[in-house]
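Asks: model this:
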Amino acid sequence: MVRLLRPFGRVVTYTRWLHLFIAVVWPAMWLFIEEAWWIWPVAALTLAPAALVPAMRTVEGLQARLLLTGHRHDSDNIDIVVAPSASWGDRGRLVVWLETRLLLGFATSMLTVQLLIGSVDLVASAFGRDVDEGSLIFLAGHRWWHILLAPLSLAALALTVVGAGRLITAIALRLLGPSPADRLAAMEERTEQLLERTRIARELHDSIGHALTVAVVQAGAARAAGDPTFTDRALAAIEETGRAALEDLERVLGVLRESERPVSGRPTLTDADRLLESARASGAKVDAEFTGPVDTVPGPVSREGYRILQESLTNVLRHAGGVPVRVLIEVAGDMLVLEVRNPLTADVPGPGRGSGLRGIRERAALLGGRAHTGPDRGDWQVHVELPLR
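Replies: Numbering: from 1, shown residues only. Below you'll find the predicted structure:
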């Protein structure tokens, strides 16, 4: 019994009936002015060209979301689309929706009104009052037991409201739901969000990992050297690297707090000098060669190249320490070549080990490039080629 009564405790049950009633308000008002049933076919024909307006799907979608599903207009629910019609298929489905809503709204409103009037007539008949023979529920004579039929009429009214509401909602999900193009667009948007989260996680790994590696190496070297001058230089390097990492962390957290804010202020290859100086301050002997117009490299490629260089230098400091490092950044034609080489040590990571090396290969693949990491002629090599177009 409680299960049967549960729908009547939900607001959406009544907003669905309101949605159906709204569909027939304007033809009903017209009917009061011109008492002719030809108004309904004219109303149906009028809706067809209205459905061809792209913005009409937005209007209908917003109504359906709010009144049929109970979701806010700005919710992430995509069961009902609120975007304007983008194809003739969308417009065709909207024509069917408007005609169906008008027909079902007319039938539901007429039936609910008649059932409500019929309940009143049954009570009136039980008390000896005459009932109009045109009533939906008409029983000849005046009998006291007519009043016992009034609850049945009200029950039919309740079932009509609930059933019609569920039916119109199912139709809305079918006709106002996402088309294959809408589903593809939603999937692409979701993919972009996942890629953005992956990029943020990778940036945090690169930036914070680099800063911590520099701090550990510098602190260990300063303690082993026992030289106040070297200790001062080490502390300065730790401070500079930590400050840069904090800036990166604050920027990334800002993106997380405000997902629609455009990503700006990310370092590019034109800022590579601070990475090189940080590595030199940590004891590595860095020999860098820049060839070609690095400042003309497109933003996405330059930003990812900076992160690849950062991760490569971090790996050198972490696994090899203060060894000679050769860095090549070359812009030739439509390709950016980035190479970092250092002598092999006993601690050699495998080609597939470590999230840092995997991140380098993933960054290159996302830009349509390729990356090779591993031993090469007695050196450890990170060789990356990124297309500029």
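Asks: OK, contacts around Tyr14?
Replies: Val161 (CB atoms under 8 Å, 6 or more residues apart in numbering). All C-beta spots, glycine's among them, are computed from the backbone N, C-alpha and C.
Asks: ok, now Ala83?
Replies: 57-58, 61, 182.
Asks: Please tell me how far it sits from Val95.
Replies: For Ala83, the distance to Val95 equals 17 Å [CB to CB, to the nearest Å].
Asks: And the helices in the stretch 201-350 of the chain, which stretches?
Replies: Assigned by DSSP state H, counting those that start in this stretch, the helices in the stretch 201-350 of the chain fall at 228-257, 272-281, 299-319.
Asks: In a markdown table, list these along with mean pLDDT.
Replies: Below are the helices of the stretch 201-350 of the chain laid out as a markdown table (pLDDT from 0 to 100):
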| stretch | mean pLDDT |
| --- | --- |
| helix 228-257 | 73 |
| helix 272-281 | 85 |
| helix 299-319 | 85 |
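Asks: Out of those, which one sits most buried?
Replies: The highest mean neighbour count among the helices of the stretch 201-350 of the chain, using mean count of other CB atoms under 10 Å, belongs to helix 299-319: a mean of 23.
Asks: tilt between that one and helix 228-257?
Replies: Following axes from the mean of the first three to the mean of the last three CA atoms, to 10 degrees, one obtains 140 degrees for the angle between helix 299-319 and helix 228-257.
Asks: Domain ranges for the protein, per the record?
Replies: Using automatic domain parsing, the domain parsing of the chain gives 2-178, 184-387.
Asks: pLDDT of the first one, averaged?
Replies: Looking at domain 2-178 alone, the average pLDDT works out to 79.
Asks: what's the answer for stretch 379-389, then?
Replies: The average pLDDT for stretch 379-389 rounds to 90.
Asks: rewinding a little: distance to Ile200 added to the helices of the stretch 201-350 of the chain, as TSV?
Replies: Formatted as TSV, the helices of the stretch 201-350 of the chain follow (distance: least, CB to CB, whole Å):
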stretch	distance to Ile200
helix 228-257	5
helix 272-281	20
helix 299-319	12
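Asks: and of the ones you listed, who's closest to Ala150?
Replies: Smallest distance to Ala150 across those (CB to CB): 59.5 Å, for helix 228-257.
Asks: tell me the contacts of the residue lying closest to Arg307 once chain neighbours are set aside?
Replies: Closest residue to Arg307 apart from its sequence neighbours, by CB to CB, 6 or more residues apart in numbering: Asp206 at 5.1 Å. By CB under 8 Å, 6+ apart, the contact set of Asp206 is 307, 310-311, 314, 356, 359.
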